[in-house]
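Enquirer: compute the structure for the input listed below.
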Amino acid sequence: MDLLEHLETLQFEHGIEEENRCWLYLQGRYLGRMIKACAHATFFCKLLNNLRKSLREKQISRCLLIGSSSNIPDEDELKVGIIGGGHLGKQLARVLLRLVPIPAERLRISTRRPETLDEFQKLGIQCFYHNPLLVAWANVIFLCCLPSQLPNICTETHTNFGKNCIVYSFVAAVPIPRLKRLLNHTNILRPQYQCVEGFVNIWMGSKEVITALQDPVILQATCPYSPAGGVILNIKWLEGVFYAALNLCTAKNLPHSQVLQLLNDLFLSVHVEDCGEDRTSCPEFQLQDFVSSVFSENLPGRRPLPWFDLTAVQLRETPISQHFLTSAALQDHLTYLYCDSFGISLTKEQQLAVSKRSLSQ
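Expert: Down below sits the predicted model:
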């Protein structure tokens, strides 16, 4: 609840002189970036959580098939750590708890002032100041710190990252190559956002991200392909998300043929109206979408895919780059998947509007 609502003289904008009000749009951009960033992090955790569950089910089926019940894997729910307990860290924690949802015992926060996180400690979330301990525990680490704090954090944690741990950085001022060097780690995702003019500012209705994402208009505006509100996501992030999923399958030693089937089932399972009952017009991932044709021709059927450097994926062209940018069918399916993961069903008109905007970027 906003205690300052309807109290105009206490609002931030009230004390700004008329000649400086032209700069208020920057506040909207700040909120828009934070809302989109938290929404995309939530979507990523949802996908990763579903993938981990599917991989565990496959492992259980394999163990039962060969009569090796003693090798059935334990529960392997996603473990998420947040470094930084400031405004962004708190907003992200609230969103992950509510919308993924991440159980409280699977979310931990490391911050220099854990005593300020009483709200989360009451929910059963462990809040402390021990970055190496958090990094060694988590499957995904969100960096929500200041750029000036990052070198020290990297120095004390870079030897604690497991190969499979995904570092998800919100530190916009530190580019991917520098982050890779500081952490000595390649399993890194860093979304990049660009602010453009000419769009209606839709972000100022609520300063709480969890409240904003309950608004269907705002939620649709956060779709990865949507430029609504003037905040545009670099689609290389989406490539990184898919290659992160491939790495997780490789870590589980899953044959590449099963990996492709799993990706199609999880990521292309929400169909648009034009698909029809036979689904013949639906896109399907092929091995050549992720690796070169020469490599795919020489990869044995039972072999897993290689380990991918996520930093390289986000900095260079990959086999699937143009597919993400030019395939309207793939964009439509991913847009539907994104909205469906948040419980929103797009009408045909809404979906067409998103597709037209994304293709015009």
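Enquirer: average pLDDT across the host helix or strand of I82?
Expert: Assigned by DSSP states H and E, I82 belongs to strand 80-83. For strand 80-83, the mean pLDDT works out to 98.
Enquirer: by contact count, what packs against that strand?
Expert: helix 87-99, strand 107-110, helix 131-137, strand 140-143 (3 or more CB pairs under 8 Å, 6 or more residues apart in numbering; DSSP states H and E). From N, CA and C alone the C-beta is placed, and that goes for glycine too.
Enquirer: F342: which of the ones you listed is closest?
Expert: helix 87-99 (7.0 Å; CB to CB).
Enquirer: what's that closest one in contact with?
Expert: By CB atoms under 8 Å, 6 or more residues apart in numbering, the residues outside helix 87-99 that reach it are 34, 37-39, 41-42, 45-46, 80, 82-83, 102, 104, 107, 109, 111, 117, 119-120, 123, 125, 142, 144, 170, 208-210, 213, 342.
Enquirer: ok now the helix or strand where R181 lies, how far from the chain's centre?
Expert: Here R181 sits within helix 176-183, counting by DSSP H and E. Its chain's C-alpha centre and that of helix 176-183 lie 19 Å apart, by CA atoms, centre = their mean, to the nearest Å.
Enquirer: got the contact list for that helix?
Expert: For helix 176-183, contacts defined as CB under 8 Å, 6+ apart pick out 150-151, 154-155, 157-158, 161, 167, 169, 171, 174, 186, 188, 190, 311, 314-315.
Enquirer: try 6 Å
Expert: C154, H158, S169, I188, R190, T311, Q314 (CB atoms under 6 Å, 6 or more residues apart in numbering).
Enquirer: list the buried ones in stretch 76-95?
Expert: Residues 78-85, 88-95 are the ones in stretch 76-95 that count as buried (16 or more other CB atoms under 10 Å).
Enquirer: tell me which element P319 is part of?
Expert: Going by DSSP H and E, P319 is not part of any helix or strand.
Enquirer: to clarify, my last question referred to Y243.
Expert: With DSSP H and E as criterion, Y243 is part of helix 236-251.
Enquirer: about what we covered before: can you say which of the contacts of helix 176-183 are buried?
Expert: Buried members of those, scored by 16+ other CB under 10 Å, are C154, S169, I188, R190, T311, Q314.
Enquirer: out of those residues, which sit inside helices?
Expert: C154, T311, Q314 (DSSP state H).
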